[in-house]
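Q: need coordinates for the following:
(one chain, ligands or ions: 1)
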Amino acid sequence: MQVVSKVAVIGLGYIGLPTAAVIASRGVQVHGVDISQHAVDTINQGKIHIVEPDLDMLVQAAVSTGKLRADTKPEAADVFMIAVPTPFKDDKKPDLSYIEAAVQSIAPYIEKGNLIILESTSPVGTTEKISHWLAKLRPDLTMPHQNADQSDVAIAHCPERVLPGRVLQELVSNDRIIGGISTRCAQQAMALYQLFVRGECLLTDARTAEMAKLTENSFRDVNIAFANELSMICDQLKINVWDLIQLANRHPRVNILSPGPGVGGHCIAVDPWFIVDSAPEHAKMIRLAREVNDAKPHYVMDRVKKAADEFKKPVIACLGLAFKADIDDLRESPALDIAKELTEQQVGEVLWVEPNIHALPKQYQAYSSQLVSLQEALERAHILVVLVDHKQFKSLKPGDVAAKVVIDTRGLFG
Ligand code: SAJ
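A: Numbers count the residues shown, from 1 in each chain. Sure, this is the predicted structure:
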């Protein structure tokens with residue numbers, strides 16, 4: 001690959017848009033592509049359609065200098081970067097349809113010398129699949145699975161690893177794993193990442209890179225499941241799990257994570273299933289961890305129902321709706337599921353408290369009247385269910401909650 005003068009980024013979501021803006025900030029022309037006309041229009045006005053600290057300023061600068069332009073259709077470029085969702089289907093099998101659609105959309109624009117990078121978290125073998133799909137779509141070009149180091153097109157997987165809420169720092173500072181279908185593919189991809197990554201670029205093959213990303217999130221899931229399981233055991237044995245973890249973690253080789261109401265977000269609760277799907281007979285612990293974490297919201301609801309039974313007309317305040325602390329992201333949030341279920345099952349009058357939002361997203365409009373301030377919840381609720389460790393809840397004094405039944409899934413009140 002010669003000098004990179006133009007990069008096409010397919011998918012302008014939580015990963016694609018920050019990546020596009022960072023590359024544009026290094027002076028490279030970026031053609032961003034998204035199927036959502038709303039996303040495209042918003043970005044072309046220099047604004048953003050997602051929430052991520054400081055991203056608005058970066059996108060504004062990239063658009064106003066003409067380095068970033070969004071469109072619903074791809075066009076020719078030196079590098080095509082795919083950053084689209086990889087959800088799972090109802091049977092927990094990976095859904096590669098967004099990747100396949102992205103590949104089909106770029107196929108007509110690919111030229112000899114181009115590099116294609118898959119950033120989306122993907123099951124092992126997906127990057128090779130892209131090579132096979134493209135060989136069919138563009139029989140006039142050779143792909144790396146056909147002609148390893150001599151192919152017309154290079155293909156690599158470089159999984160995103162950034163933490164929502166810290167995306168812009170981590171995009172630059174994190175090490176990157178770069179897996180090529182061939183060594184040359186990996187080296188070409190490294191040249192692109194070195195434009196903006198200050199961390200180390202670690203080269204490997206595509207399958208190992210795919211598995212590395214899945215492994216990172218599964219490692220975290222298994223460790224959170226251990227903490228969640230401990231919390232339920234401790235409830236039964238009447239032991240404070242937070243004190244217990246603090247004490248056990250004083251051992252130099254023990255580092256237990258924190259229990260919570262379940263695991264949210266669109267990564268840690270999804271990616272382990274890709275490993276389970278690839279090797280079901282061996283991935284026993286990974287599957288069990290998923291099941292433990294998925295069961296935790298039901299356990300919390302049962303505790304709330306038991307507490308509510310003690311009141312004639314219980315008022316229950318759910319403190320926090322986001323999927324983790326100090327963000328406004330409600331997607332795949334166990335806290336939101338718990339609040340919604342308790343409301344729908346009419347366990348009592350349920351007050352929803354989320355200091356990081358002013359209004360509920362469209363699909364939750366029916367519950368708008370449940371959303372109240374923390375102050376109102378503290379005045380009215382008999383039962384407080386702490387679901388997220390937002391800073392506003394951390395600063396509550398023992399006196400604020402003294403007269404309440406507190407079900408604390410995050411250990412804020414010791
Ligand atoms: N959680 C706990 N207890 C803990 C830690 C987390 O219950 O001790 C819960 C959180 O409350 C949340 C969920 O787990 O509901 C996930 O939160 P997180 O902060 O652990 O991770 P994500 O989903 O925001 O981002 C993860 C990161 N992966 C790892 O840390 C290994 C990030 O680096 C990845 O880029 C991201 O997934 C992704 O896109 O795959």
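
Q: give me the longest helix you can find in the protein.
A: helix 206-237 (DSSP state H).

Q: and the angle for the helix or strand just after that one with helix 206-237?
A: Remark: after helix 206-237, the chain's next helix or strand is helix 241-248, criterion DSSP states H and E. Helix 241-248 and helix 206-237 are oriented at 120 degrees to each other (axes from the mean of the first three to the mean of the last three Cα atoms, to 10 degrees).

Q: just the residues contacting helix 241-248, thanks.
A: Residues from elsewhere that reach helix 241-248 (Cβ atoms under 8 Å, 6 or more residues apart in numbering): Ala227, Leu230, Ser231, Cys234, Asp235, Val254, Ile256, Ser258, Pro259, Gly411, Gly414. Backbone N, C-alpha and C define where each C-beta goes, glycine included.

Q: so that helix, near the ligand or not?
A: No - Helix 241-248 lies apart from the ligand when judged by Cβ under 6 Å from any ligand atom; the minimum separation is 9.8 Å.

Q: show me the shaky parts of this protein.
A: 1-2 (pLDDT under 70).

Q: make it 50
A: Applying pLDDT under 50 to the chain flags no residue at all.

Q: tell me which parts of it are close to the ligand?
A: Residues of the chain lying close to the ligand by Cβ under 6 Å from any ligand atom are 121, 160-164, 216-217, 220, 224, 257-258, 260, 263-265, 267-268, 323-324.

Q: which one of the contacts of helix 241-248 is nearest to Leu168?
A: Of all the contacts of helix 241-248, Leu168 sits closest to Ser258, with 25.3 Å by Cβ to Cβ.

Q: got the contact list for the residue nearest to the closest one when sequence neighbours are not counted?
A: Closest residue to Ser258 apart from its sequence neighbours, by Cβ to Cβ, 6 or more residues apart in numbering: Ala227 at 5.8 Å. Under the criterion of Cβ under 8 Å, 6+ apart, the neighbours of Ala227 are Val241, Ile245, Ile256, Leu257, Ser258, Pro259, Gly260.

Q: try it again at 10 Å.
A: The contact partners of Ala227, by Cβ atoms under 10 Å, 6 or more residues apart in numbering, come to Val241, Ile245, Ile256, Leu257, Ser258, Pro259, Gly260, Val292, Asn293, Lys296.

Q: same thing with Asp56?
A: If you count contacts by Cβ under 10 Å, 6+ apart, then Asp56 has Ala21, Gly46, Lys47, Ile48, Ile50 around it.

Q: quick one: residues contacting the last one.
A: Under the criterion of Cβ under 10 Å, 6+ apart, the neighbours of Ile50 are Leu12, Gly13, Tyr14, Leu17, Pro18, Ala39, Thr42, Asp56, Pro164, Val167, Asp329.

Q: out of these, who's nearest the ligand?
A: Among these, Pro164 lies closest to the ligand (Cβ to the nearest ligand atom), at 4.7 Å.

Q: so who does that closest one touch?
A: Neighbour list for Pro164: 14-15, 50-53, 170, 265-267, 323-324, 327, 329, 331 [criterion: Cβ under 10 Å, 6+ apart].

Q: with just CA atoms, put stretch 260-270 into CSV.
A: Extracted in CSV, the C-alpha atoms of stretch 260-270 (Å, rounded to 0.1, in the frame of the first residue of the first chain):
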residue,chain,number,x,y,z
GLY,A,260,-23.7,-5.6,40.5
PRO,A,261,-27.3,-6.0,39.2
GLY,A,262,-26.0,-7.9,36.1
VAL,A,263,-23.7,-7.2,33.2
GLY,A,264,-24.8,-4.5,30.7
GLY,A,265,-23.4,-2.9,27.6
HIS,A,266,-23.2,-4.5,24.1
CYS,A,267,-19.8,-6.1,24.4
ILE,A,268,-19.2,-8.1,27.6
ALA,A,269,-22.7,-9.6,27.6
VAL,A,270,-22.4,-10.6,23.9
